[in-house]
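> Here is the input, now give the coordinates:
(one chain, ligands or ions: 1)
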Amino acid sequence: MSIMIKTALICAGLGAAGVLALQAEPKPAQIKVQTPDKVTYAEHVAPILNKHCVSCHRPGDVAPFSLVGFDAAKKQHSMVASSTEAKRMPPWKAVEGYGEFKGENRLSPTEIAILKKWSLQNAARGDAKKEPPTPEFPKSEWSHGKPDRVIELPKPFELEAEGPDVYRNFVFDLGNTEDVYVKAMDVRPGNKQVVHHVIAYLDESGRSVELEKNSPDDQPGYSTSGGGVGIVPSGALGGWAPGVMVQETEPGVAFRIKPGTKVVVQVHYHKSGKPEKDQTKLALYYAKEKIERTREIFWAANPMFRIPAGAKAHPVSWTIPIPADVTVYTVMPHMHLLGKSMKAHIVTPQGSKVPLVWVDSWDFNWQLVYTLKSPLEVKRGSKLVIDAVYDNSKDNFNNPNNPPRAVTWGEQTTDEMALLVLGYSADSGGKMRRRG
Ligand code: HEC
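A predicted model of the protein is given here:
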C-alpha cells in the first residue's frame with residue numbers, strides 16, 4: 001500500500017472517502033521482465049554497458065574504473081549489478097514518465113534484470129565473436145565542433161590531496177563591445193579525476209570581480225564560505241556534468257552577454273587523495289542566425305521554511321504565479337544534503353496539470369540541468385507548483401549536522417535550499433521578476 005493511500009485512510013478516519021481513495025488508486029502496472037536463460041557478456045551485457053556506461057567508465061574519464069571490454073566488466077560484475085539495481089547508476093535522476101528530456105540515460109527493468117542475472121551466473125563471456133565493436137569516442141578536443149571562443153583559467157588551480165569538496169568561481173570578461181549571443185557551451189575539464197561539475201553563470205553587476213580581487217589566496221578565482229557564487233547571478237549559460245551532452249538553444253533563441261557582463265564559471269572539485277592541478281576550458285558557440293528571444297533564468301525559490309531536527313520526511317511546498325507568457329527550456333532542481341525529492345508541475349489557467357520534473361532520489365553530487373525534449377509554452381496566469389521533501393533525521397547519512405539541528409534557508413552546505421531554476425524566454429521579450 002502506498003503512503004498516499006495510508007494517509008488518505010488515516011485522514012478520513014477510515015470513513016467512506018478513504019475507501020473511495022483506495023479504490024480509485026490505480027494499481028501499478030505489473031512489469032514483465034524477460035531475460036535469456038543464459039546471459040552472456042558478448043550477446044546481452046556488452047550492448048548495455050556500451051550504450052549506458054562507457055561514456056564515463058572508460059580509461060581516463062570521470063568514473064573511477066573502466067567498463068570497456070570483457071575483462072574490465074567481469075572484474076566489476078557484482079558492483080555493476082548492485083549499483084544498477086539500486087538505481088545509483090547511470091546517474092540520471094529524473095523519474096521516467098514525468099516530463100521528457102534530451103539525452104535521457106536510464107536502464108529499462110529488463111536491462112537491470114539482465115545485468116543482475118549475468119552477475120548471478122558468474123559473468124560468462126559467451127562467444128567473443130558476437131561482441132559488439134568497442135564504441136568510438138570523439139578524438140577532437142570539442143565534440144560540438146570548432147568553438148567561436150574558448151576561455152581558460154589563466155593558470156592551473158591547485159587542489160590539496162584531501163579534505164572537503166571545493167567550489168571555486170573563476171571570473172571571465174569576453175571583452176566584447178557589442179552584445180554577444182551564445183547558442184551552446186561546452187566544457188573540457190583540465191583534470192577529469194577531480195572536476196565533478198561546472199556551472200557557468202552571468203554577472204551583470206560585476207560584483208564577482210570584487211570577490212575575486214578580495215580572495216585571500218593567490219590562486220585564480222574565489223571561493224565563498226557557503227560554496228555558492230556569492231552573488232545573485234543575472235543569468236546562466238548552463239551546466240556541465242560528466243556524460244551530459246552539449247545542448248544548443250532553439251532556433252532564434254540565445255543567451256545574451258552584454259558588454260561588461262562577467263562569465264562566472266563555478267567548478268565543483270572532488271579531492272582525489274593526492275595533490276592535483278586543473279585548468280578547465282570552456283567553449284562558446286555564437287549565434288549565426290537572427291536572435292529574437294534571449295534565454296533567461298528564473299529562480300523559483302522558497303526561502304521561508306524550517307526543517308525540524310529529526311524529521312524524516314519534511315515536506316516543503318510552494319507555488320509561484322507565472323506573470324508573463326513564457327517558453328520553458330530547462331529545469332534544474334536544487335537542494336543541499338537533506339534533500340530527498342523534488343517534484344514540479346505547472347497548473348495552466350484552465351486548471352490542467354503539466355508535469356515538469358521529478359527527482360525522487362536526490363543526490364547532491366549529481367545536480368543536473370534537464371533540457372525538456374520539446375520547449376514548453378506556459379501562459380500568463382499559470383502556476384508553478386513545487387513539492388520538496390527533506391530528511392533531517394540521523395538516518396540520513398548525508399546529514400551534515402550530528403546530532404541533527406533545525407535547518408533553514410542558507411548558502412552554507414549545512415543550511416538548506418528549496419529552489420528550482422528554470423531556463424526560459426519571455427514570449428514578448430523582457431524578464432520574469434526574480435524570486436528568492
Ligand atoms: C555520467 C557518467 C557516468 C555514467 C553514464 C555511469 N557512471 Fe558509474 N560512476 C560514475 C562516477 C563519476 C562514479 C564515482 C562515484 C560517484 O561520483 O558517484 C561512478 C561509480 C560507479 C560505481 C561504484 C559506486 C557505486 O555507486 O556502486 C559503479 C558500480 C558504477 N559506477 C557502475 C556504472 C554502470 C553499470 C553504469 C551504466 C549502467 C554507469 N556506472 C554509468 C560516472 C558514471
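
> near the ligand, which residues of this structure show up?
52-53, 55-57, 62-64, 76, 79-80, 83-84, 88-91, 105, 107, 242-243, 365 (C-beta under 6 Å from any ligand atom). Glycine gets a C-beta too; all of them are placed from N, C-alpha and C.

> what about the strands in the stretch 1-150 of the chain?
149-152 (DSSP state E, counting those that start in this stretch).

> so where's the stretch 1-150 of the chain uncertain?
For the stretch 1-150 of the chain, the stretches flagged by pLDDT under 70 are 1-31.

> quick one: the helices in it?
For the stretch 1-150 of the chain, the helices defined by DSSP state H, counting those that start in this stretch cover 3-11, 16-24, 46-52, 70-75, 77-85, 109-120.

> Could you pull up phi and psi at the residue nearest to the spatial centre of the chain?
For the chain, Leu368 is the residue whose C-alpha lies nearest the centre (C-alpha atoms, centre = their mean; 0.9 Å). Backbone torsions for Leu368, taken as degrees, to the nearest 10, come to phi -100, psi 150.

> beta partners for the spatially closest residue to Phe298 that is not a sequence neighbour?
Distances taken as C-beta to C-beta, 6 or more residues apart in numbering place Leu422 nearest to Phe298, at 4.4 Å, with adjacent residues excluded. Note on Leu422: beta-bridge partners by DSSP bridges are Phe298, Val331.

> Surely Thr330 is in contact with Leu376?
No. Between Thr330 and Leu376 there is no contact under C-beta atoms under 8 Å: 10.3 Å.

> Who has more neighbours out of those two?
Remark: of Thr330 and Leu376, Thr330 carries more neighbours, 24 against 18, as counted by other C-beta atoms under 10 Å.

> got the contact list for the residue nearest to Phe298?
297-298, 300, 328, 330-331, 384 (C-beta atoms under 8 Å, 6 or more residues apart in numbering).

> sorry, back to before: I figured the residue nearest to the centre of the chain was touching Trp240, is that so?
No. Using C-beta under 8 Å as the test, Leu368 is too far from Trp240 to be in contact (9.8 Å).

> can you pull the buried residues of stretch 384-398?
384-392, 396 (16 or more other C-beta atoms under 10 Å).

> list the contacts for Thr263?
That one is not Thr; residue 263 is Val. 151, 171-174, 200-203, 237, 257, 282.

> wait, Met342
333, 335, 357-359, 362, 386-389, 420.

> Mind doing that once more with 6 Å?
Contact analysis of Met342 by C-beta atoms under 6 Å, 6 or more residues apart in numbering lists 333, 359, 388.

> Which helix or strand contains the last one?
To tie it back to what came earlier, the one meant is Ala388. strand 383-390 (DSSP states H and E).

> strand partners of the helix or strand that that strand is followed by, parallel vs antiparallel please.
Using DSSP H and E, the helix or strand that follows strand 383-390 in sequence is strand 407-408. Partners of strand 407-408 in the sheet, by DSSP bridges, are strand 306-307 (antiparallel).
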